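S.K.: okay, sequence plus prediction incoming.
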Amino acid sequence: MTQDVSAAAASRLEADMLAMGRRARAAGRTLTLAGPETRTKAIAGMASALRARSGQVLAANAADLDDARAKGMATAMMDRLALDPKRLDGVVSALESIAAIPDPVGVETARWTPQNGLDIARVRTPIGVLAIIYESRPDVTADAAALAVRAGNAVILRGGSECLRSNLAIHAALIEGLEGAGLSPDTVQMVATRDRAAVGHILTGLDGSIDLLIPRGGRSLVERVKTEARVAVLGHLEGVNHVYVHASADPDMARAVVLNAKMRRVSVCGAAETLLIDRAAAAPLLPLIARDLTEAGCELRADPAARAFVPGATAASDADWSTEFLKPILAVKVVDGLDAALDHVARYGSGHTEAIVASDEAAIERFLAEADAGIVLANASTQFADGGEFGFGGEIGISTGRLHARGPVGAEQLTSFKYVIRGKGQTRP
């Protein structure tokens, strides 16, 4: 009997997920035709509704946090899950920013006329239906929905079970904004079950309904999606990010950048996880940087050369160089110049964000050219790895791949393109 009940529940879930995909496909077509003004109105309405519903959202989040705390969730994950009035106001502000950015749909990115006389234009178009699977970050619910709508895409959202109450409360505000603009509530759908089998159905593509799948979470989630997905995947892997302090670095700048890159907010994917410092700068500068970090509550895990300057540091293991800590822990290594720093980044970097602090322009330009990552910075904190800081209004994630989109994924990166050709009766000989 139990087996029959389980089979029936599984069958219902499959049917529900397939229906969700069909509704998203239909809503996406309507959204594309609605025009930029309607999409702007919808996103602005989402922001207004979320502000009006802030009490319900914070109450739902408090309940999620209570459950997470009782289950012993890690501190970094708790920080990602938590909302407070200031953070929620930031989410609303992000939606307002997304409403204000130019609509990318229909934008002509190139136009030319070859010898055959055809008028050829390349024009941005929506991708279609997105599915986004993410963990612990209820703010992603709002950002992802608004960016998808801005780019003319319908979206199916599947957040982590640990933040389901928060996500559903935010989703209610998003639907209010859509309906206020005359758009279908199926434009932004939330998977409302904690059943993990729902993820498996999404990975199949829902019978061709999903055009692009975006995972945003830990390595295990991303690897599962890349292994099992039957649709295109835009990957957001972990941020094993480095700050390299060159021998020519201004000491005060280096101290400020390293401290901010690591400790501003340790649980974000743009946080620095490894400090590389030139041997020529280590003796005068590393003890000062280490003091700044330890006074801020950061544990240092250092190689033998770095421990000579910071005796209180813990010995680094081989695994530390490839670890995204997401907590106040920083791996520290002394390197013999730019070549060694670039070699280390090439071996251990995750393609997310890399930074150099230097005054030597040749060293800066070489690092920016050779460091292989979606974001490379000179004399600035890795914590600027954020679509909002780029002027995108928000982001769905930081793409660590090399195809389609790389770095912060905003509305423009959620479009494809088509070629629009106008002729005068030409036929091909």
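M.R.: Yes, it's here. Residues are numbered from 1 along each chain as shown.
S.K.: per-residue confidence at residue 2?
M.R.: Residue 2 is assigned a pLDDT of 61 by the prediction.
S.K.: where are the low-confidence patches of the stretch 251-400 of the chain?
M.R.: Confidence mapping of the stretch 251-400 of the chain against pLDDT under 70 gives zero matching residues.
S.K.: and stretch 191-208, what's buried?
M.R.: Neighbour-count burial for stretch 191-208, counted by 16 or more other CB atoms under 10 Å, picks out 191, 198, 199, 201, 202, 203, 204, 205, 206. Quick note: C-beta positions are derived from backbone N, CA and C, even for glycine.
S.K.: list the contacts of the last one.
M.R.: When you say that, I think you mean residue 206. 17, 18, 20, 21, 22, 131, 156 (CB atoms under 8 Å, 6 or more residues apart in numbering).
S.K.: the fourth one: neighbour count?
M.R.: Using other CB atoms under 10 Å as the criterion, residue 21 is surrounded by 23 other residues.
S.K.: likewise for the fifth one?
M.R.: Residues within reach of residue 22, counting by other CB under 10 Å, total 15.
S.K.: the buried residues of stretch 191-208: which two are farthest apart?
M.R.: Using CB to CB, these span at most 14.8 Å, a distance reached by 191 and 205.
S.K.: surely residue 109 is in a helix?
M.R.: No: counting by DSSP: H, G, I helix; E, B strand; the rest coil, one finds residue 109 to be strand, located in no helix.
S.K.: hey, where'd the helices end up in the stretch 251-400 of the chain?
M.R.: For the stretch 251-400 of the chain, the helices defined by DSSP state H, counting those that start in this stretch occupy 251-263, 279-295, 304-309, 338-348, 361-370.
S.K.: how close does residue 95 get to residue 59?
M.R.: Taking CB to CB, to the nearest Å as the measure, residue 95 falls 20 Å from residue 59.
S.K.: those two - which one has more neighbours?
M.R.: residue 95 (30 against 12).
S.K.: measure the more buried one to residue 119 for me?
M.R.: Taking CB to CB, one finds residue 95 at 38 Å from residue 119.
S.K.: over to residue 78?
M.R.: Residue 78 is 56 Å from residue 119, by CB to CB.
S.K.: between those two, which one's more packed in?
M.R.: More crowded of residue 78 and residue 119, by other CB under 10 Å: residue 78, with 16 against 13.
S.K.: host element of the more buried one?
M.R.: Taking DSSP states H and E as the definition, residue 78 sits inside helix 75-81.
S.K.: can you give me the buried ones in that helix?
M.R.: Of the residues in helix 75-81, those buried (16+ other CB under 10 Å) are 76, 77, 78, 79, 80, 81.
S.K.: list the residues that contact the residue lying closest to the last one once chain neighbours are set aside.
M.R.: Spelled out, it's residue 81. Nearest residue to residue 81 in three dimensions, chain neighbours excluded: residue 136, at 4.8 Å (CB to CB, 6 or more residues apart in numbering). Taking CB under 8 Å, 6+ apart as the contact definition, residue 136 lies against 77, 80, 81, 160, 162, 163, 217.
S.K.: what about residue 136, which SS state?
M.R.: coil.
S.K.: what's it sitting at in phi/psi?
M.R.: phi 60, psi 0 (degrees, to the nearest 10).
S.K.: how close does it sit to residue 110?
M.R.: Noted for residue 136: a distance of 40 Å to residue 110, by CB to CB.
S.K.: for residue 139, same thing?
M.R.: Where residue 110 is concerned, residue 139 sits at a distance of 35 Å (CB to CB).
S.K.: counting neighbours, go ahead and name the busier of those two.
M.R.: Higher neighbour count among residue 139 and residue 110: residue 139, with 20 against 10, using other CB under 10 Å.
S.K.: assumed the more buried one was part of a helix.
M.R.: Yes: the assignment for residue 139 by three-state DSSP puts it in a helix.
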